[in-house]
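In: need a 3D model of the sequence below.
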Amino acid sequence: MSTIPLTQPQPTAVRKKVTTRVFQQKKQRQEPITMLTAYDYPTAVVLENAGIDAILVGDSVGMVILGYKNTLPVTMEEMIHHCKAVARGAEFSLLIGDMPFLSYQVSPAEAVRNAGRFLQEAGMDAVKLEGGKERVETIRAIVSAGIPVMGHLGLTPQSVHLLGGFRAQGRDAETARLLIEDALLLESAGCFSIVLESMPSRLASLISHRLSIPTVGIGAGAGCDGQVLVTHDLLGLFDRFTPSFVKQYAHLHEEMGRAFSSYIKEVKTHQFPTEEHSIDMSDEAWEELNREADHG
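Out: Predicted coordinates for the structure are as follows:
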């Protein structure tokens with residue numbers, strides 16, 4: 001009589017920490033990198049549980065959380081505050097802190113000090129900063145201090161006034177050549193990765209193939225080594241505008257509005273709370289309390 005071997009349950013894979021080296025390995029294996037933004041603990045927990053590769057605590061917090069018109073007013077203290085919250089909720093994702101306006105432009109020494117705060121105080125694994133050849137010296141200084149740096153080219157929101165608004169970049173041959181040169185310079189300066197934002201997909205794909213380090217695109221087509229979106233755009237939570245390159249996977253702004261309206265209506269019409277949502281006490285305790293009140 002033959003026996004049928006029992007299938008042994010396979011152990012659940014233990015997730016390992018995503019590092020800058022993992023980013024490089026993913027590029028070599030042509031495995032897409034996934035990245036989204038987070039600014040608080042609960043969002044970080046959900047992203048972590050979903051298996052995201054990297055979480056960017058972006059200076060976009062200024063617009064989608066703090067209500068600023070652009071990212072320029074965001075301070076180091078605000079960034080550190082939100083980075084700390086995200087770090088408490090994410091153990092395995094690569095955590096990247098966005099260096100805010102004027103935290104790295106003044107001098108390389110000041111940039112190193114501020115970048116160090118993201119790792120030492122806020123629990124980040126790396127920092128991101130914007131700009132091309134004008135940032136090479138600063139990037140080299142930060143990397144020399146042992147701090148991984150992600151670059152950012154194309155539409156750089158901290159330069160919104162210089163660029164004349166939130167406009168796509170690299171759409172003509174001259175500016176496209178400059179972006180390619182900048183990307184190669186950032187790579188040579190020591191960046192472990194570069195965000196390519198709002199540029200022609202063919203240009204982003206060309207840059208991605210020219211670089212040995214991975215690119216992460218936002219509005220830069222499918223030819224990048226990974227993709228990033230602002231989570232509030234993806235969820236339909238930011239109502240002021242939605243960039244054309246964003247795919248909304250939910251419409252939570254509308255859903256939240258419906259939920260809030262239902263709550264207000266039920267409170268006003270005495271439909272909430274009901275006994276189901278109330279805390280009870282025993283009849284004995286209630287009678288004792290009333291006896292004490294009667295004798296008081």
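In: how does the chain divide into domains?
Out: Domains of the chain are assigned by automatic domain parsing as 20-250, 255-295.
In: mind checking how far the first one is from the chain centre?
Out: When distances are taken as C-alpha atoms, centre = their mean, to the nearest Å, domain 20-250 is centred 8 Å away from the chain's centroid.
In: please identify the most buried of the domains of the chain.
Out: When you average the neighbours per residue for each of the domains of the chain (mean count of other C-beta atoms under 10 Å), domain 20-250 leads with a mean of 19. For glycine as for every other residue, the C-beta is placed from the backbone atoms N, C-alpha and C.
In: circling back: could you dump the domains of the chain to a markdown table with mean pLDDT?
Out: Compiled in a markdown table, the domains of the chain are given as follows (pLDDT from 0 to 100):
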| stretch | mean pLDDT |
| --- | --- |
| domain 20-250 | 97 |
| domain 255-295 | 94 |
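In: dump those to CSV, plus distance to residue 14.
Out: Shown next, in CSV, are the domains of the chain (distance: least, C-beta to C-beta, whole Å):
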stretch, distance to residue 14
domain 20-250, 10
domain 255-295, 35
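In: quick check: beta-bridge partners of the most centrally placed residue in the chain?
Out: The chain has residue 37 as the residue nearest its centroid, 1.6 Å off, counting by C-alpha atoms, centre = their mean. On the basis of DSSP bridges, residue 37 is bridged to residue 56.
In: show me the contacts for it.
Out: 55, 56, 57, 58, 60, 61, 228, 229, 230, 231, 232 (C-beta atoms under 8 Å, 6 or more residues apart in numbering).
In: secondary structure and distance to residue 174 added to the residues you listed, as JSON lines?
Out: Formatted as JSON lines, the contacts of residue 37 follow (DSSP: H, G, I helix; E, B strand; the rest coil; distance: C-beta to C-beta, whole Å):
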{"residue": "55", "secondary structure": "strand", "distance to residue 174": "36"}
{"residue": "56", "secondary structure": "strand", "distance to residue 174": "30"}
{"residue": "57", "secondary structure": "strand", "distance to residue 174": "34"}
{"residue": "58", "secondary structure": "coil", "distance to residue 174": "29"}
{"residue": "60", "secondary structure": "coil", "distance to residue 174": "29"}
{"residue": "61", "secondary structure": "helix", "distance to residue 174": "34"}
{"residue": "228", "secondary structure": "strand", "distance to residue 174": "27"}
{"residue": "229", "secondary structure": "strand", "distance to residue 174": "29"}
{"residue": "230", "secondary structure": "coil", "distance to residue 174": "29"}
{"residue": "231", "secondary structure": "helix", "distance to residue 174": "35"}
{"residue": "232", "secondary structure": "helix", "distance to residue 174": "34"}
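In: please, where are all the strands along the stretch 51-200 of the chain?
Out: Along the stretch 51-200 of the chain, counting by DSSP state E, counting those that start in this stretch, strands occupy 54-57, 94-98, 126-128, 149-154, 193-197.
In: columns distance to residue 259 on top of these, output as JSON lines?
Out: Shown next, in JSON lines, are the strands of the stretch 51-200 of the chain (distance: least, C-beta to C-beta, whole Å):
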{"stretch": "strand 54-57", "distance to residue 259": "26"}
{"stretch": "strand 94-98", "distance to residue 259": "31"}
{"stretch": "strand 126-128", "distance to residue 259": "34"}
{"stretch": "strand 149-154", "distance to residue 259": "36"}
{"stretch": "strand 193-197", "distance to residue 259": "33"}
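In: of these, which is nearest residue 266?
Out: Of all the strands of the stretch 51-200 of the chain, strand 54-57 sits nearest to residue 266, with 36.0 Å by C-beta to C-beta.
In: that concludes my questions; thank you for your assistance.
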